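Peer 1: Here's my sequence, what's the structure:
(one chain, ligands or ions: 1)
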Amino acid sequence: MRLDLHTMMLMTSVLTLLLSGLLALAGLHAGSIRGARLWALASLCYSLASFIAFADLTPTSSGWLIVLVVVLLLTGNSLQFSGIQAFKDQRIDWRIPLLFFGVAFAQSVWFTLLHPDANARAIANSLVFAAINALCARALLIRIDPPLRTAYWFTGVSFALLAAAALFRAAILFQAPPGTSIGLSSLLPFVPVRFLASSLILMCVTFGFMLMLNYRLITDMQKIALRDSLTGALNRRGLEEEAIRLAARCTRTGDSLAIMVIDVDHFKSINDRCGHQVGDKVLQRLTAVAQASVRSDDYFARYGGEEFCILLPSTTEEEASVLADRLRQAYAALTMEFGGEVLRSTISIGVADSNHVGLEFSALVSAADQAMYWAKEGGRNRVAAHSVMVCKVPAMVTA
Ligand SMILES: Nc1nc2c(ncn2[C@@H]2O[C@H](COP(=O)(O)OP(=O)(O)OP(=O)(O)O)[C@@H](O)[C@H]2O)c(=O)[nH]1
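Peer 2: Presented below is the predicted three-dimensional model:
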């Protein structure tokens with residue numbers, strides 16, 4: 001089988017142009033996800049470079065044409081790196097693409113005008129490409145949760161292969177007798193194979209970017225589905241998922257799992273007196289106070305209406321009651337002001353733990369809910385612990 005270099009260049013040019021369009025379209029509908037447009041531009045640079053190479057690169061091509069192709073390829077590579085930074089919500093450090101662009105341009109001019117040496121130029125170019133591809137690989141081969149990890153690593157490994165190929169090319173050129181050219185204009189038989197391999201890996205990089213976009217959209221949607229839109233806290237579904245995970249962990253470790261059910265006192269009257277919007281703001285304030293008082297491995301959620309839950313791993317009912325009372329006091333001390341009207345509100349909290357009712361989530365919620373109603377019955381603005389209430393006559397634990 002004979003590989004025709006020129007046909008492959010044209011095919012690469014057309015395919016990268018198509019992929020550029022696809023990435024641009026994906027970027028249009030990717031919402032807040034950044035990076036896709038930079039990758040689309042990068043693909044366009046590769047398409048142009050391949051087309052110029054297809055149209056004009058021959059053994060007698062001028063050095064300037066090669067400079068143009070190299071600069072386009074390097075611009076594409078640098079834009080890919082900036083796109084990765086943007087995708088990861090990092091600040092784009094434009095100094096890195098500028099540095100690579102400057103180095104490639106300066107050394108291309110040096111080896112074209114002042115010190116014409118095709119081999120030395122190709123070695124220098126290969127080293128610059130190896131460096132930027134290695135940077136891209138390093139930015140992607142990181143610890144990250146699945147499913148994004150699959151896409152990151154697929155793309156990162158593709159970049160690592162491109163870096164290795166560029167280093168390999170530099171090593172071969174270094175050992176070649178002066179004057180040997182293994183660039184695209186070379187007539188050596190392995191050049192088409194190398195071009196095909198590089199083009200395929202480049203396609204893998206672009207598919208990797210699409211996979212990254214796709215997986216990011218999926219994780220963002222999953223996050224939205226598990227969050228309450230008013231408070232930003234976990235919603236009931238999100239809490240149930242975390243509860244299943246925590247119950248499995250507690251079964252393994254033997255730790256206890258505690259739960260608080262929190263309900264705003266006389267919330268209906270706040271709504272009736274001040275309006276629904278003020279009611280919403282009160283729920284947001286309570287969320288802020290609760291989130292400030294929970295530990296990083298506790299899970300705070302809006303369970304529904306004006307009822308909230310906190311799951312506390314490795315915590316007993318007694319410990320949770322102390323935390324609950326601190327939260328109750330912090331919220332009661334809060335003075336809220338909405339449109340000139342000063343408002344104070346209180347909460348009632350029911351507490352239960354897995355040592356008394358088991359690790360089943362529904363059993364935990366219903367025990368804490370029952371305790372919360374006892375707290376309401378006892379006069380509100382209180383904490384009630386389920387096991388204490390079950391053993392004794394309904395009397396308040398703290399008030
Ligand atoms: N503003 C606002 N109100 C809500 C929301 N969800 C539920 N509510 C209101 O919360 C109120 C709950 O009232 P009730 O269940 O009677 O309880 P309460 O007035 O807090 O009385 P106690 O719980 O007995 O202290 C209802 O008026 C609901 O309309 C919400 O997202 N925003």
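Peer 1: separation between I270 and the ligand?
Peer 2: Distance check for I270 against the ligand: by CB to the nearest ligand atom, to the nearest Å, it reads 8 Å. In short, each C-beta sits where N, CA and C put it, glycine included.
Peer 1: mind listing the helices for this protein?
Peer 2: 5-28, 36-56, 63-87, 95-109, 118-140, 148-175, 190-225, 236-253, 267-274, 276-293, 317-332, 354-357, 361-377, 386-391 (DSSP state H).
Peer 1: so what's the residue in the stretch 251-399 of the chain positioned nearest to the ligand up against?
Peer 2: Nearest residue of the stretch 251-399 of the chain to the ligand: G279, at 2.6 Å (CB to the nearest ligand atom). By CB atoms under 8 Å, 6 or more residues apart in numbering, G279 lies in contact with 267, 270-271, 306.
Peer 1: To L311, which of the helices of the chain lies closest?
Peer 2: Closest of those to L311 is helix 236-253, at 6.0 Å (criterion: CB to CB).
Peer 1: Kindly report the residues of the protein close to the ligand.
Peer 2: 230, 263-269, 271, 276, 279-280, 283, 305-306, 376, 380 (CB under 6 Å from any ligand atom).
Peer 1: Distance check, the closest residue to M9 other than its chain neighbours against the ligand.
Peer 2: Sequence neighbours aside, F54 is the residue nearest to M9 in space, at 3.7 Å (criterion: CB to CB, 6 or more residues apart in numbering). Distance, F54 to the ligand, using CB to the nearest ligand atom: 61 Å.
Peer 1: Might you report the residue contacts of the closest residue to the ligand within the stretch 101-250 of the chain?
Peer 2: Going by CB to the nearest ligand atom, the ligand is nearest to L230 of the stretch 101-250 of the chain, at 5.7 Å. Each residue near L230 by CB under 8 Å, 6+ apart is listed here: 280, 283-284, 302.
Peer 1: among these, who's most crowded?
Peer 2: R302 (26 neighbours; other CB atoms under 10 Å).
Peer 1: didn't that one look like it was pressed against N235?
Peer 2: Yes - assessed by CB atoms under 8 Å, R302 is found in contact with N235 at 6.1 Å.
Peer 1: and for the two, which residues touch both?
Peer 2: In contact with both R302 and N235: D228, using CB under 8 Å, 6+ apart.
Peer 1: quick one, what contacts I92?
Peer 2: Taking CB under 8 Å, 6+ apart, we find I92 in contact with 82, 85-86.
Peer 1: Narrow those residues to those that are buried.
Peer 2: Buried subset of those (neighbour count, 16 or more other CB atoms under 10 Å): 82, 85-86.
Peer 1: Turn these into JSON lines, including pLDDT.
Peer 2: Conversion of those to JSON lines gives the following (pLDDT from 0 to 100):
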{"residue": "S82", "pLDDT": "96"}
{"residue": "Q85", "pLDDT": "96"}
{"residue": "A86", "pLDDT": "96"}
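Peer 1: nearest to the ligand, of those residues?
Peer 2: A86 (35.6 Å).
Peer 1: How is this structure divided into domains?
Peer 2: The record, using automatic domain parsing to delimit domains, assigns the chain the ranges 5-225, 236-391.
Peer 1: what about the first one, how long is it end to end?
Peer 2: So that's domain 5-225. 50 Å (CA to CA, to the nearest Å).
Peer 1: Count the residues that sit near A164.
Peer 2: Residues lying near A164 (other CB under 10 Å) number 15.
Peer 1: got a list of what the closest residue to it other than its chain neighbours touches?
Peer 2: Spatial nearest neighbour of A164, chain neighbours left out: A130 (7.8 Å); criterion: CB to CB, 6+ apart. The contact partners of A130, taken as CB under 8 Å, 6+ apart, are 163-164, 166-167, 170.
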